[in-house]
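sharing a sequence plus its predicted fold:
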Amino acid sequence: MNVFVFDIETVPDVASARRLWQIDGLEDRDVANIMFSKRQQETDGRSDFLRHHLHKIVAISAVLRIDDRLSVWSLGEVDSSEEELIRRFYEGIERFTPVLVSWNGGGFDLPVLHYRTLQYDISASRYWDTGVEDPSFRYNNYLSRFHWRHIDLMDVISGYQGRATAPLDEIASLLGYPGKMGTSGKDVWQHYLEGNVRSIRDYCETDVLNTYLVYLSFERMRGHLLNAQFVSELQRLKTYLIDSNQPHFSQFLNAWQAADALSESGSI
């Protein structure tokens, strides 16, 4: 089975805000502050998290597990356009027809991708197929909530109960995985303003690593991985992180080994 675990990072779509509200003569930071303020007004001060259609994608990171291959990377290059990132995402689906795995992908990542794809000349027929082109997709496609071609781990593990959902960071930490390592989604906008897209991509890659590790635990729980297979997959990933020789992967591995040590000592 081809498995494609993914995560996106976004920033305020200030260009759309300028069009929607006729905002002229302001810097991007100031336009974003207006967007946050409007959102707080809409939510009676409860949140400034923007609605899906007002996000711009700046990173898509993935773990691909296919045959004997394991890859962890961010789509495109540091200077790739949003259109290029989205195009590569759907090209991967067209090529491999993988099982998509996410954490809150059904509630955030995929709806954002839908809205952004509308703006570009991108065809994603495999993703949108519900049985017209491939009859097997009638009963198992990427769009239906209770099908298994897209596994939103947050939804599935919580039993599709909103009051039972939990943050990825906390679940990963409870399972003995690194979780967040200093950076969070709230830092992405500032990194973007500073032109530091590489750090955003690195952060997104560590997030998708946590998602992949939770997915392996989930596969063991539902009997798709025997314990020996589970341990083998963990070791495969550790070896990949070592061989990659990238600072953020080394940091992730060190945090993972520290969590393992705490688990073995009974401290957690």
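Done, it's in.

okay, residue 264: pLDDT?
Residue 264 is assigned 64 on the pLDDT scale.

same thing with residue 68?
89.

so what's the residue count around it?
Applying other Cβ atoms under 10 Å, we find 6 residues neighbouring residue 68. Every C-beta, even on glycine, is put in place using the N, C-alpha and C of the backbone.

over to the one 3 residues further on?
Residues near residue 71, counting by other Cβ under 10 Å, number 12.

partners of the helix or strand that contains residue 8 in the sheet?
Element membership for residue 8 (DSSP states H and E) is strand 3-12. Strand 3-12 has its sheet partners listed here by DSSP bridges as strand 55-66 (antiparallel), strand 99-102 (parallel).

what comes up buried for stretch 177-194?
Going by neighbour count (16 or more other Cβ atoms under 10 Å), the buried part of stretch 177-194 is 177-181, 183, 188-189, 191-192.

pLDDT on that stretch, on average?
pLDDT averaged over stretch 177-194 gives 90.

what does the helix or strand harbouring residue 95 contact?
Applying DSSP H and E as the criterion places residue 95 in helix 82-96. Applying Cβ atoms under 8 Å, 6 or more residues apart in numbering, the external contacts of helix 82-96 come out as 2, 4, 6, 56-60, 62, 64, 66, 75-76, 98, 100, 113, 116-117, 120, 122-127, 142.

what's around the residue lying closest to residue 55 once chain neighbours are set aside, how many residues?
Distances taken as Cβ to Cβ, 6 or more residues apart in numbering put residue 10 closest to residue 55, at 3.8 Å, once the chain neighbours are dropped. Other residues within reach of residue 10, judged by other Cβ under 10 Å, total 23.

looking at it, residue 10 is touching residue 57, isn't it?
Yes - using Cβ atoms under 8 Å, residue 10 is in contact with residue 57, at 5.5 Å.
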